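K.L.:
here is my input; please provide its structure:
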Amino acid sequence: MKTTSFITVLIVLLISLESFAQEPENIILNSEFDSGKSNWRINVYNDASMTDQIKNDSLLSGQNYLELNIVEGGILRSDVEVSQGFTIEEGFYYDVSFIAKSSTSHNITVQIQKTIGDKGVLWTEDLSLSNTTNSYGPLTYSFLFPEEYCKLSFLLGGTDNAVVNLDSVVLMKRDDPDHTRQVELFEKRSHTYNGTTLPYRLLIPKDYNSETWYPLLLQLHGQTLGGTDNEKQISGGVLWADSANQAKWPCFVLAPQKTEVGQWADHKRYGGPNELGYMDFTKAPISNEMETVIDLLNLLIVEFAIDTNRIYITGGSSGGLGVYDAIYRFPHKFAAAMVFSAPCDTTTAAVSRFFHLPLWIIHGELDASIPCMASRFLVAAMERLGRECVYTHCNFHTNDCTGMAEEEVAQAIEDDARLLFSEWPGLGHQQPFWSTAYGYPLLAPWMFAQSKEFNISDVGDYDTGSFSSVTLGQNYPNPFNSVTTIPYELLYQNNVRISVYDLLGREVKTLINKNLPAGTYQVLFNGDKLAGDIYFYQIQTKSADGSQFSDTKKLILIK
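P.N.:
Here you go, the predicted model:
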């Protein structure tokens with residue numbers, strides 16, 4: 001009986017907690033004007049003129065209300081505006097309510113408008129005010145797209161000699177139970193390698209079929225999104241996970257999260273007017289976080305049907321530095337890279353490592369955190385090595401920010417543009433830049449058009465000594481008990497044989513012997529039936545010039 005009562009109480013408590021978590025929330029600050037005009041913007045445009053004041057509330061509700069004495073209303077409704085900014089989120093209903101009156105019959109437009117990018121109006125409602133105090137709403141709008149910066153506006157222009165009172169503005173956010181938000185499409189996972197644990201989110205394509213090969217996009221977040229909550233790194237929406245993009249280009253999206261103090265790349269930055277954004281990639285070891293990401297990527301390639309010819313990487317700010325670090329250390333692992341607002345080592349020794357890789361560099365002209373000169377130096381370094389650049393917005397060589405029409409950029413993409421630079425005029429390092437840049441419609445078409453059809457000639461004369469057409473990695477864990485993983489990479493299609501030998505040179509097991517396309521792979525070695533000892537594993541294939549190639553490494557089996 002006591003157990004039954006306890007369960008009943010627990011169920012009631014859980015239901016109560018669920019109800020509490022789903023309670024609607026008013027996201028308007030100072031909705032009663034009790035703190036004066038704080039958080040509100042009151043503007044007139046063109047020929048409109050008015051005065052405004054906060055008055056003691058004897059007419060509407062609460063302590064105060066806003067009074068607008070509109071002398072000249074201008075021509076357009078938008079010539080007189082009262083607004084407040086907020087962040088609108090995917091998968092919520094937004095209910096607008098307010099109390100108002102006017103000294104004369106007056107029309108008012110209530111709208112939600114984007115404040116970044118195309119600044120389009122998302123929702124609008126036209127109403128009539130009279131000299132009687134009335135409550136309006138709730139007026140409902142449902143938002144189904146990733147996060148946007150917006151404003152709620154009351155437009156009161158177009159009428160002269162009107163006194164308008166406004167009070168009790170409510171913008172109630174409530175959950176839409178029938179909508180699956182983008183964040184909910186990502187599986188919540190975690191991966192540990194060599195003592196470093198990274199939480200990560202993984203989007204698996206809708207209707208995933210293990211018989212079909214899918215691209216994978218790795219996204220590295222910036223410094224402010226670090227933590228352990230495993231949500232901030234995708235909370236603002238992920239371009240590649242957008243339903244429209246997934247419908248055109250179904251792909252895996254991998255979004256790991258490092259801690260606030262962790263680093264995708266441990267490079268030291270050097271100052272000086274001629275070294276803006278310069279870093280020496282040759283001196284810094286790979287970071288623990290980057291090692292863990294690469295190990296995770298290798299494991300996902302084994303777990304899922306991922307097309308190793310179409311693995312892409314992108315990131316911004318410190319995440320963009322992580323992208324440069326990854327393509328420097330693993331120049332043939334990715335099919336393309338896209339970097340936002342990040343510095344890079346611009347020496348020939350560094351740039352020649354990823355010279356062959358399709359790269360789109362994006363930066364705000366007025367970036368004060370990581371000056372745009374850092375990206376300009378990298379573009380210039382690649383041009384010196386012979387890479388032709390497409391300047392979609394500003395061209396720093398000519399100081400021309402006329403820019404290219406989208407149709408021209410689309411044609412350049414169709415013509416296989418492999419280096420693009422988008423320097424956004426008038427924007428810095430803050431949120432307006434990120435929203436504008438990620439909203440550019442040609443990013444996804446360019447990225448998914450790239451494929452790692454590796455060609456030796458792409459490397460040029462700068463990299464001939466820095467790579468092998470076949471790479472055999474060290475097994476992990478090592479030493480191991482029972483099972484270990486052996487990674488390897490092919491830069492083009494090849495027949496591969498991997499075998500394990502004992503100390504006397506006798507072959508004890510053939511792990512793989514087959515023809516494989518270019519890509520990154522792993523093979524498992526199970527030593528259950530072998531004695532604990534030192535063994536060797538060897539890869540046999542052909543090198544870039546067609547000659548026989550082999551590489552051997554040691555592994556230790558502990559029993």
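
K.L.:
now do the strands in the stretch 301-450 of the chain.
P.N.:
Ranges of strands in the stretch 301-450 of the chain, per DSSP state E, counting those that start in this stretch, are 306-316, 336-340, 359-364, 390-391, 419-424.

K.L.:
dump these into a markdown table; add distance to Thr347, mean neighbour count and mean pLDDT as well.
P.N.:
For every residue, glycine as well, the C-beta is placed using N, CA and C. Conversion of the strands of the stretch 301-450 of the chain to a markdown table gives the following (distance: least, CB to CB, whole Å; neighbours: other CB atoms under 10 Å; pLDDT from 0 to 100):
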| stretch | distance to Thr347 | mean neighbour count | mean pLDDT |
| --- | --- | --- | --- |
| strand 306-316 | 21 | 23 | 93 |
| strand 336-340 | 17 | 25 | 96 |
| strand 359-364 | 16 | 27 | 96 |
| strand 390-391 | 23 | 20 | 97 |
| strand 419-424 | 17 | 23 | 95 |
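
K.L.:
and of these, who's closest to Ser550?
P.N.:
Of all the strands of the stretch 301-450 of the chain, the one in closest proximity to Ser550, counting by CB to CB, is strand 306-316 (22.1 Å).

K.L.:
the closest one packs against which elements?
P.N.:
Where contact means 3 or more CB pairs under 8 Å, 6 or more residues apart in numbering; DSSP states H and E, strand 306-316 is packed against strand 214-220, helix 288-303, helix 318-329, strand 336-340, helix 443-449, strand 519-526.

K.L.:
that older thread, who wins for proximity to Lys554 among the strands of the stretch 301-450 of the chain?
P.N.:
Between Lys554 and those, the shortest separation by CB to CB is 26.3 Å, and it involves strand 306-316.

K.L.:
direction included, what does the closest one pair up with?
P.N.:
Strand 306-316 has the following sheet partners, assigned by DSSP bridges: strand 214-220 (parallel), strand 336-340 (parallel).

K.L.:
redo these as TSV? Include distance to Gln182.
P.N.:
Conversion of the strands paired with strand 306-316 to TSV gives the following (distance: least, CB to CB, whole Å):
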stretch	distance to Gln182
strand 214-220	13
strand 336-340	19
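
K.L.:
which one of these lies nearest to Ala162?
P.N.:
Checking the strands paired with strand 306-316 against Ala162 by CB to CB gives strand 336-340 as the closest, at 46.8 Å.

K.L.:
what's the angle between that closest one and strand 419-424?
P.N.:
Our comparison of strand 336-340 with strand 419-424, counting by axes from the mean of the first three to the mean of the last three CA atoms, to 10 degrees, yields an angle of 20 degrees.

K.L.:
hang on, the earlier thing: now the strands of the stretch 301-450 of the chain as a markdown table including distance to Asp533?
P.N.:
Compiled in a markdown table, the strands of the stretch 301-450 of the chain are given as follows (distance: least, CB to CB, whole Å):
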| stretch | distance to Asp533 |
| --- | --- |
| strand 306-316 | 33 |
| strand 336-340 | 43 |
| strand 359-364 | 46 |
| strand 390-391 | 57 |
| strand 419-424 | 51 |
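
K.L.:
go through those strands and name the closest to Asn107.
P.N.:
Closest approach to Asn107 among the strands of the stretch 301-450 of the chain is made by strand 419-424 (37.6 Å; CB to CB).

K.L.:
list the contacts for the closest residue to Ile556 other than its chain neighbours?
P.N.:
If the residues on either side of it in the chain are set aside, Ile556 comes closest to Pro479, at 3.9 Å by CB to CB, 6 or more residues apart in numbering. With contact set as CB atoms under 8 Å, 6 or more residues apart in numbering, Pro479 has these partners: 555-558.

K.L.:
make a ChimeraX selection of the buried ones in those residues.
P.N.:
Selecting only the buried entries of those in ChimeraX, with 16 or more other CB atoms under 10 Å as the criterion:
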select :555,557
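
K.L.:
out of the contacts of Pro479, which is nearest to Arg310?
P.N.:
Using CB to CB as the measure, the one of the contacts of Pro479 that approaches Arg310 most closely is Leu555, at 31.1 Å.

K.L.:
how about Gly262, what does it touch?
P.N.:
Gly262 makes contacts with 226, 287-289, as judged by CB under 8 Å, 6+ apart.

K.L.:
so where does it fall, helix or strand?
P.N.:
In the assignment (DSSP states H and E), Gly262 maps to no helix and no strand.

K.L.:
repeat for Gln84
P.N.:
strand 80-88.

K.L.:
strands paired with that strand, and their directions?
P.N.:
Looking at strand 80-88 with DSSP bridges, its partner strands are strand 41-44 (antiparallel), strand 148-155 (antiparallel).

K.L.:
ok, and which of the ones you listed has the densest surroundings?
P.N.:
The densest packing among the strands paired with strand 80-88, expressed as mean neighbour count by mean count of other CB atoms under 10 Å, is seen in strand 148-155 with a mean of 21.

K.L.:
tell me who's in contact with Phe330.
P.N.:
Neighbour list for Phe330: Ile294 [criterion: CB under 8 Å, 6+ apart].

K.L.:
from Trp264, how far off is it?
P.N.:
Note on Phe330: its distance to Trp264, by CB to CB, to the nearest Å, is 13 Å.
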